[in-house]
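Peer 1: please work out how this folds:
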Amino acid sequence: MCTGKCSRFVGLSLIPLSLVCIVANALLLVPQGKTTWTDTTHLSLQVWLMAGFLGGGLMVLCPGISAVRAGGKGCCGAGCCGNRCRMLRSVFSSAFGVLGAIYCLSVSGAGLRIGPKCLMDRHWDYHFQDTEGSYLQNRTMWDLCEEPPGVVSWNVTLFSLLVAASCLEIVLCGVQLVNAALGVFCGDCRKKGSPS
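Peer 2: Now for the predicted structure:
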(Lines give C-alpha, C1' and ligand atoms only; values in the text may rest on other atoms or scores of the structure.)
Protein backbone atom coordinates (compact mmCIF):
# COMPACT_ATOMS: atom_id res chain seq x y z
CA MET A 1 0.00 0.00 0.00
CA CYS A 2 1.24 3.47 -0.86
CA THR A 3 2.31 5.66 2.11
CA GLY A 4 -0.15 8.36 1.03
CA LYS A 5 -3.11 5.98 0.85
CA CYS A 6 -2.14 4.43 4.18
CA SER A 7 -1.97 7.92 5.76
CA ARG A 8 -5.41 8.76 4.46
CA PHE A 9 -6.87 5.49 5.80
CA VAL A 10 -5.25 5.97 9.23
CA GLY A 11 -6.36 9.61 9.42
CA LEU A 12 -9.94 8.78 8.49
CA SER A 13 -9.92 6.14 11.24
CA LEU A 14 -8.40 8.41 13.91
CA ILE A 15 -10.84 11.29 13.43
CA PRO A 16 -14.00 9.35 14.43
CA LEU A 17 -12.15 7.65 17.30
CA SER A 18 -11.11 11.03 18.70
CA LEU A 19 -14.70 12.28 18.44
CA VAL A 20 -15.92 9.17 20.28
CA CYS A 21 -13.47 9.96 23.10
CA ILE A 22 -14.66 13.57 23.32
CA VAL A 23 -18.33 12.53 23.49
CA ALA A 24 -17.61 9.79 26.07
CA ASN A 25 -15.77 12.27 28.28
CA ALA A 26 -18.60 14.79 27.96
CA LEU A 27 -21.10 12.10 29.02
CA LEU A 28 -18.95 11.23 32.06
CA LEU A 29 -19.44 14.80 33.25
CA VAL A 30 -23.22 14.33 33.39
CA PRO A 31 -24.03 10.99 35.08
CA GLN A 32 -27.21 9.52 33.56
CA GLY A 33 -27.52 12.71 31.49
CA LYS A 34 -28.41 14.86 34.51
CA THR A 35 -26.51 17.93 35.67
CA THR A 36 -27.43 17.40 39.33
CA TRP A 37 -24.03 15.91 40.25
CA THR A 38 -21.66 17.98 38.11
CA ASP A 39 -19.32 19.35 40.75
CA THR A 40 -16.01 18.27 42.25
CA THR A 41 -17.57 16.64 45.30
CA HIS A 42 -19.67 14.24 43.21
CA LEU A 43 -17.48 13.37 40.21
CA SER A 44 -14.27 11.35 40.39
CA LEU A 45 -10.83 12.81 39.72
CA GLN A 46 -10.48 10.63 36.61
CA VAL A 47 -13.52 12.34 35.10
CA TRP A 48 -12.10 15.81 35.85
CA LEU A 49 -8.72 14.94 34.29
CA MET A 50 -10.52 15.09 30.90
CA ALA A 51 -8.44 12.29 29.41
CA GLY A 52 -11.05 11.57 26.75
CA PHE A 53 -11.42 15.20 25.78
CA LEU A 54 -7.76 16.20 25.84
CA GLY A 55 -5.75 12.99 25.41
CA GLY A 56 -7.85 10.68 23.28
CA GLY A 57 -9.77 13.59 21.75
CA LEU A 58 -7.88 16.75 20.79
CA MET A 59 -4.37 15.26 20.98
CA VAL A 60 -5.44 12.52 18.53
CA LEU A 61 -7.68 14.68 16.35
CA CYS A 62 -4.63 16.72 15.26
CA PRO A 63 -2.67 13.66 14.01
CA GLY A 64 -5.82 12.38 12.32
CA ILE A 65 -6.20 15.59 10.33
CA SER A 66 -2.46 15.69 9.66
CA ALA A 67 -2.53 12.11 8.35
CA VAL A 68 -5.43 12.89 6.01
CA ARG A 69 -3.52 15.91 4.71
CA ALA A 70 -0.37 13.81 4.30
CA GLY A 71 -2.41 11.38 2.22
CA GLY A 72 -3.38 14.17 -0.19
CA LYS A 73 -1.38 15.67 -3.04
CA GLY A 74 2.06 16.96 -2.24
CA CYS A 75 2.62 20.39 -0.76
CA CYS A 76 4.14 21.62 -3.99
CA GLY A 77 0.99 21.30 -6.06
CA ALA A 78 1.78 18.30 -8.25
CA GLY A 79 3.80 16.59 -5.53
CA CYS A 80 7.33 17.42 -6.71
CA CYS A 81 8.83 16.75 -3.26
CA GLY A 82 7.14 13.37 -3.00
CA ASN A 83 4.90 14.74 -0.23
CA ARG A 84 7.81 14.60 2.23
CA CYS A 85 6.91 17.90 3.95
CA ARG A 86 3.47 16.75 5.02
CA MET A 87 4.80 13.32 5.97
CA LEU A 88 7.40 14.95 8.23
CA ARG A 89 4.66 16.97 9.95
CA SER A 90 2.66 13.77 10.34
CA VAL A 91 5.62 12.05 12.07
CA PHE A 92 5.68 14.67 14.84
CA SER A 93 1.91 14.85 15.00
CA SER A 94 1.60 11.06 15.32
CA ALA A 95 4.12 10.99 18.17
CA PHE A 96 2.00 13.65 19.89
CA GLY A 97 -1.09 11.50 19.28
CA VAL A 98 0.56 8.43 20.83
CA LEU A 99 1.24 10.45 24.00
CA GLY A 100 -2.37 11.66 24.11
CA ALA A 101 -3.77 8.16 23.63
CA ILE A 102 -1.47 6.77 26.35
CA TYR A 103 -2.70 9.51 28.70
CA CYS A 104 -6.31 8.61 27.90
CA LEU A 105 -5.62 4.89 28.40
CA SER A 106 -3.88 5.34 31.76
CA VAL A 107 -6.49 7.70 33.24
CA SER A 108 -9.43 5.64 31.94
CA GLY A 109 -7.85 2.43 33.23
CA ALA A 110 -7.42 4.06 36.63
CA GLY A 111 -11.05 5.20 36.49
CA LEU A 112 -12.14 1.61 35.90
CA ARG A 113 -9.91 0.20 38.65
CA ILE A 114 -10.83 2.79 41.30
CA GLY A 115 -14.50 3.07 40.44
CA PRO A 116 -16.80 6.08 40.62
CA LYS A 117 -17.31 8.48 43.48
CA CYS A 118 -20.76 7.88 44.89
CA LEU A 119 -22.99 8.21 47.93
CA MET A 120 -23.08 5.14 50.14
CA ASP A 121 -24.13 5.13 53.79
CA ARG A 122 -24.54 8.95 53.69
CA HIS A 123 -20.89 9.36 52.68
CA TRP A 124 -19.45 10.45 49.29
CA ASP A 125 -16.27 8.55 48.50
CA TYR A 126 -14.49 6.07 46.20
CA HIS A 127 -16.15 3.05 47.84
CA PHE A 128 -14.77 0.52 45.32
CA GLN A 129 -11.16 1.72 45.50
CA ASP A 130 -10.02 -1.04 47.85
CA THR A 131 -11.55 -3.80 45.71
CA GLU A 132 -8.71 -3.42 43.13
CA GLY A 133 -11.23 -3.62 40.30
CA SER A 134 -12.98 -6.79 41.52
CA TYR A 135 -16.24 -4.82 41.75
CA LEU A 136 -16.37 -5.02 37.94
CA GLN A 137 -17.35 -8.71 38.10
CA ASN A 138 -19.70 -8.34 41.09
CA ARG A 139 -22.73 -6.44 39.80
CA THR A 140 -24.57 -6.76 43.09
CA MET A 141 -22.09 -4.25 44.54
CA TRP A 142 -23.13 -1.69 41.92
CA ASP A 143 -26.52 -1.19 43.56
CA LEU A 144 -24.87 -0.14 46.83
CA CYS A 145 -24.23 3.32 45.36
CA GLU A 146 -27.31 5.38 46.21
CA GLU A 147 -26.48 8.52 44.23
CA PRO A 148 -26.03 9.26 41.39
CA PRO A 149 -28.39 6.42 40.42
CA GLY A 150 -26.76 3.95 38.01
CA VAL A 151 -23.40 5.75 38.21
CA VAL A 152 -21.37 2.53 38.33
CA SER A 153 -22.74 1.14 35.05
CA TRP A 154 -22.47 4.63 33.51
CA ASN A 155 -18.79 4.96 34.45
CA VAL A 156 -17.88 1.36 33.59
CA THR A 157 -19.45 1.65 30.13
CA LEU A 158 -17.88 5.01 29.26
CA PHE A 159 -14.44 4.31 30.74
CA SER A 160 -14.39 0.93 28.95
CA LEU A 161 -15.22 2.73 25.71
CA LEU A 162 -12.36 5.17 26.36
CA VAL A 163 -9.93 2.31 27.09
CA ALA A 164 -10.88 0.51 23.87
CA ALA A 165 -10.74 3.68 21.74
CA SER A 166 -7.39 4.78 23.18
CA CYS A 167 -5.88 1.32 22.54
CA LEU A 168 -6.94 1.58 18.89
CA GLU A 169 -5.57 5.13 18.75
CA ILE A 170 -2.18 4.00 20.06
CA VAL A 171 -2.00 1.31 17.38
CA LEU A 172 -3.13 3.63 14.56
CA CYS A 173 -0.86 6.51 15.62
CA GLY A 174 2.03 4.03 15.85
CA VAL A 175 1.26 2.73 12.35
CA GLN A 176 1.11 6.30 11.03
CA LEU A 177 4.37 7.15 12.78
CA VAL A 178 6.15 4.34 10.92
CA ASN A 179 4.27 5.04 7.66
CA ALA A 180 5.04 8.76 7.74
CA ALA A 181 8.72 8.08 8.54
CA LEU A 182 8.85 5.83 5.46
CA GLY A 183 7.11 8.58 3.49
CA VAL A 184 9.76 11.10 4.57
CA PHE A 185 12.65 8.91 3.43
CA CYS A 186 11.07 7.21 0.41
CA GLY A 187 8.48 9.76 -0.71
CA ASP A 188 5.00 8.90 -1.92
CA CYS A 189 4.66 6.07 -4.42
CA ARG A 190 2.09 7.94 -6.48
CA LYS A 191 3.14 9.48 -9.74
CA LYS A 192 3.07 13.25 -10.27
CA GLY A 193 -0.35 14.45 -11.25
CA SER A 194 -2.14 11.31 -10.04
CA PRO A 195 -5.36 11.92 -8.11
CA SER A 196 -5.22 12.00 -4.33
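
Peer 1: run through this structure and note the low-pLDDT ranges.
Peer 2: 1, 37-41, 73-83, 187-196 (pLDDT under 70).

Peer 1: how about the strands in this structure?
Peer 2: With DSSP state E as the criterion, the chain has strands at 118-120, 123-125.

Peer 1: direction included, what does the last one pair against?
Peer 2: Using DSSP bridges, the strands paired with strand 123-125 in its sheet are strand 118-120 (antiparallel).

Peer 1: got the buried residues for the strand it pairs with?
Peer 2: For strand 118-120, a neighbour-count test (16 or more other C-beta atoms under 10 Å) marks Cys118, Leu119 as buried. Backbone N, C-alpha and C define where each C-beta goes, glycine included.

Peer 1: chain center to it: distance?
Peer 2: 28 Å (C-alpha atoms, centre = their mean, to the nearest Å).

Peer 1: for the most centrally placed residue in the chain, what are its contacts?
Peer 2: By C-alpha atoms, centre = their mean, the mean C-alpha position of the chain lies nearest to Gly56, the distance being 2.3 Å. Counting by C-beta atoms under 8 Å, 6 or more residues apart in numbering, Gly56 makes contact with 17-18, 21-22, 25, 100-101, 103-105, 108, 162, 165-166, 169.

Peer 1: how about the strands of the chain in CSV, adding distance to Val47?
Peer 2: Output for the strands of the chain, formatted as CSV (distance: least, C-beta to C-beta, whole Å):
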stretch, distance to Val47
strand 118-120, 12
strand 123-125, 14
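
Peer 1: between the ones you listed, which one is nearest to Leu144?
Peer 2: Shortest distance between Leu144 and the strands of the chain, using C-beta to C-beta, is found for strand 118-120: 5.5 Å.

Peer 1: can you map out the helices along the protein?
Peer 2: 3-28, 45-48, 59-70, 84-114, 151-186 (DSSP state H).

Peer 1: can you put those helices in CSV and add mean neighbour count and distance to Asp130?
Peer 2: Output for the helices of the chain, formatted as CSV (neighbours: other C-beta atoms under 10 Å; distance: least, C-beta to C-beta, whole Å):
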stretch, mean neighbour count, distance to Asp130
helix 3-28, 21, 22
helix 45-48, 19, 16
helix 59-70, 25, 32
helix 84-114, 22, 10
helix 151-186, 21, 15
